[in-house]
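*Asks:* Here is the input, now give the coordinates:
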Amino acid sequence: MRLVGIAAVLGAAAIWALEPIIARLIGTEVSFDHLLFSRALGCVVVSLFFFFVRQTLLDKKEVSPSKIHVAHLRALFLIGFLGSFVSDLLYFVAILFFKTPVVNAVLIAHLQPVFLVLFGHFLFHEGKFSLWDYGGIMAMLLSAILVMSGSLSNLLGLRFGNTGDLLVLLATLFWALSGLLAKKYLQDLPSSLITMGRFAVATPLYGLLALVVSRSLVLSWPSLLFGALIGIGYFFYYEGLKRLKTAQAAALELASPVFATAFGFLFFQETVSFFKWIGIMLLFVGIFAFERASQNQEKTI
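*Replies:* Numbering: from 1, shown residues only. Below is the predicted model of the structure:
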């Protein structure tokens, strides 16, 4: 079961590293609004499939209509709006219009633990910061600075990234907030239902965006399959998380920037500077520090 969990998380990491690659390739043939609408619909369809299989074919009655409350629906709406509409829109604008390098996009998106810790502390009052928490925050913020500056000359000149990098950073903030809401209010719901619900909220919003921008609602089959692939990535990650410790899953999921480095070079000849390699290493340091803080907190409870 542990090997299955490792394979599942690595599969999710590879899929998420491919996401900006596929978006750029499809984006040359499809307008970005139709791409986002079809992608969201693809996520809904594949999540519904996984939910149906578990509920019916495997006879795993994880949830019934009576278990879904108003608080669940409210949280799903917020997560869908912030995490699957606003965040994804910002992310894809950065990828498609500002040509944010693949490595930058994936590395910055992996700063979510920083925002999770900060939101958990200031919004939900989840205890005091420990030295490990401060260490994790500092390591991952330094990682962001190195990645966004990209070189010593930019760092010394206080030039930290472009508009695309800032859009990805803002998207990461909203992804982290939606993740914290899911952890706090939706833990008793299956992951396939959460994924389906959040993209079911985003899909009509993307449809409205397409009607405003392109004055049409076109279903792009490559984008639909793209969305199905992303939904499979969510499924892989959640299934891996059930079989592994949180620290193991987090460490394995950090293979995504490594995959992104290889894919970015293979498809777009993007090179990785020495500063960005240090940034990748600091991500691992930050995850390690946050996990140590979590372990120490559990011992004191």
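
*Asks:* For the residue nearest to Phe119 when sequence neighbours are not counted, list the residues it contacts.
*Replies:* Excluding its sequence neighbours, the residue lying closest to Phe119 (CB to CB, 6 or more residues apart in numbering) is Leu180, at 5.1 Å. No exception for glycine: its C-beta is placed from N, CA and C like everyone else's. Listed by CB atoms under 8 Å, 6 or more residues apart in numbering, the contact partners of Leu180 are Leu116, Phe119, Gly120, Leu123, Phe124.

*Asks:* nearest spatial neighbour of the first one, skipping sequence neighbours?
*Replies:* Of all residues not flanking Leu116 in the chain, Ala176 sits nearest, at 5.0 Å (CB to CB, 6+ apart).

*Asks:* Hmm, that neighbour is touching Phe119, no?
*Replies:* Yes. Between Ala176 and Phe119 there is a contact at 6.3 Å, judged by CB atoms under 8 Å.

*Asks:* more crowded one of these two?
*Replies:* The residue with more neighbours, out of Ala176 and Phe119, is Ala176; 24 against 17, by other CB atoms under 10 Å.

*Asks:* and that one, what element?
*Replies:* Using DSSP states H and E, Ala176 maps to helix 163-185.

*Asks:* can you pull the buried residues of that helix?
*Replies:* 164-182, 185 (16 or more other CB atoms under 10 Å).

*Asks:* Same check on stretch 3-19?
*Replies:* 5-6, 8-19.

*Asks:* again, but for stretch 209-229
*Replies:* For stretch 209-229, by 16+ other CB under 10 Å, it's Leu209, Ala210, Ser220, Pro222, Ser223, Leu224, Leu225, Phe226, Gly227, Ala228, Leu229.

*Asks:* Tell me the one of those nearest Ser130?
*Replies:* Each of the buried residues of stretch 209-229 was scored against Ser130 by CB to CB, and Leu229 proved nearest at 38.4 Å.

*Asks:* Who are the contact partners of the spatially closest residue to that closest one that is not a sequence neighbour?
*Replies:* Spatial nearest neighbour of Leu229, chain neighbours left out: Ile15 (6.0 Å); criterion: CB to CB, 6+ apart. Contacts of Ile15 were listed using CB under 8 Å, 6+ apart, and they are Leu229, Ile230, Ile232, Gly233, Phe236.

*Asks:* May I see those residues arranged in CSV, with secondary structure and distance to Met148 as well?
*Replies:* Shown next, in CSV, are the contacts of Ile15 (DSSP: H, G, I helix; E, B strand; the rest coil; distance: CB to CB, whole Å):
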residue, secondary structure, distance to Met148
Leu229, helix, 28
Ile230, helix, 25
Ile232, helix, 30
Gly233, helix, 25
Phe236, helix, 29
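
*Asks:* Noted, bye for now.
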